[in-house]
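S.K.: Structural data only, the sequence is not supplied:
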């Protein structure tokens, strides 16, 4: 559907219904629409246009005698064709800058991202969300510490100050010197690189470095790299959500509460997060997913406004944005998410 499919009268009536719905969340009746129009139209004439818009799939009526609400298709059409996206005021930009940059001195990307999600939640009255790849952080140091005869703790420290631990299996009879050799070998190759870059680098130099490591030390290196590089299979990334309580306001029906419960379940299970990240990475700028357009939130009927952020090499390493009901204030949320993603990219770059 294109804007040319609607005449001027239909556009104005449709815009009025959607904008009223985004403000109130309530079905909109023909009498209220008639009063809000700049042109003079009777409620009966408005009802005829509303019936046409419903036939086109842009509106629906929750009850026989109720007014009309936009469908997901109608919201998508409104956002793509009719929404006038504003810009942030200088005061809003300064507020975002101060709040997000306050964590910059802590030298932890997770703290920066957590503050960004908290800030987005507060400004949007939705839930702020950040999704980032764990395996994309740049390495500073790794160490293997034996904790049992056949197990060791692999301690991984990122350049951003984050620390993660994994338990790895050790070959039988491994001497302490082999753990030291494996630690030194990896630290010589990984500093400032991501795990995927380290793995590619080691594949190139391994034959030349055979004499540097004995067989047992190489097994520790292989075990450690396979464990860390494979983290994204079972754990697709770090999910940070702030402001969930905002989603519990203005719930007027049992089905609304059930919708939010399903959304919380989706967030806890991190369902389809890899797909979400992939969708957001397909292009620069803000992406908007309404209800069933995204499998992650299809059951809860929520909207998601996200934008990718980048590392110092301009690679997309995650997405951030806002989750909320389909009646989000898109004109306000879109520039807010866009500006925050660019700010986080500058801070982490």
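M.R.: Arrived safely. Note that the coordinates shown come from a computational prediction; the quantities given were computed from them, not determined experimentally. Numbers count the residues shown, from 1 in each chain.

S.K.: drop to CA atoms for contacts and neighbour counts, all remaining ones
M.R.: Will do.

S.K.: Show me where the stretch 151-300 of the chain has its helices.
M.R.: 176-190, 195-205, 215-229, 231-234, 254-269, 273-280 (DSSP state H, counting those that start in this stretch).

S.K.: Buried ones in the third one, by neighbour count?
M.R.: By neighbour count, with 16 or more other CA atoms under 10 Å as the criterion, the buried positions of helix 215-229 are 216-221, 224-225, 228-229.

S.K.: Make a markdown table out of those residues and add pLDDT and distance to residue 304.
M.R.: Formatted as a markdown table, the buried residues of helix 215-229 follow (pLDDT from 0 to 100; distance: CA to CA, whole Å):
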| residue | pLDDT | distance to residue 304 |
| --- | --- | --- |
| 216 | 77 | 49 |
| 217 | 80 | 47 |
| 218 | 77 | 45 |
| 219 | 79 | 44 |
| 220 | 81 | 42 |
| 221 | 79 | 41 |
| 224 | 73 | 36 |
| 225 | 72 | 35 |
| 228 | 62 | 30 |
| 229 | 57 | 29 |
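
S.K.: Nearest to residue 67, out of the residues you listed: which one, please.
M.R.: Residue 67 lies nearest to residue 229 out of those, by CA to CA, at 53.9 Å.

S.K.: where does the stretch 151-300 of the chain dip in pLDDT?
M.R.: 196, 205-212, 227-237, 250-256, 266-283, 295-300 (pLDDT under 70).

S.K.: Compute the number of surrounding residues for residue 14.
M.R.: 25 (other CA atoms under 10 Å).

S.K.: Which neighbouring elements make contact with the strand or helix carrying it?
M.R.: Assigned by DSSP states H and E, residue 14 belongs to helix 8-24. Judged by 3 or more CA pairs under 8 Å, 6 or more residues apart in numbering; DSSP states H and E, helix 8-24 is in contact with helix 30-36, helix 43-55, strand 69-70.

S.K.: contacts for that helix?
M.R.: 26-28, 33, 36-37, 46, 49-50, 53, 68-70, 75, 78, 82, 327-329 (CA atoms under 8 Å, 6 or more residues apart in numbering).

S.K.: buried residues in it?
M.R.: 10-22.

S.K.: For residue 149, give its distance to residue 165.
M.R.: Using CA to CA, to the nearest Å, residue 149 is found at 18 Å from residue 165.

S.K.: and if you look at residue 312?
M.R.: Taking CA to CA, one finds residue 312 at 25 Å from residue 165.

S.K.: Which residue of the two possesses the greater neighbour count?
M.R.: residue 165 (14 against 11).

S.K.: which residues does the more buried one bridge with?
M.R.: Legend: beta-bridge partners of residue 165 under DSSP bridges are residue 155.

S.K.: Now do the contacts for it.
M.R.: 153-156.

S.K.: So which of those is surrounded by the most neighbours?
M.R.: Ranked by neighbours (other CA under 10 Å), these are led by residue 154, which has 21 neighbours.

S.K.: residues touching that one, list them.
M.R.: 142-145, 165-168, 224.

S.K.: Please repeat the previous calculation with a cut-off of 6 Å.
M.R.: 143-144, 165-166 (CA atoms under 6 Å, 6 or more residues apart in numbering).

S.K.: about what we covered before: name the stretch among the helices and strands packed on helix 8-24 that sits most buried.
M.R.: Here the criterion is mean neighbour count by mean count of other CA atoms under 10 Å, and of the helices and strands packed on helix 8-24 the winner is strand 69-70, at a mean of 26.

S.K.: Thank you, goodbye.
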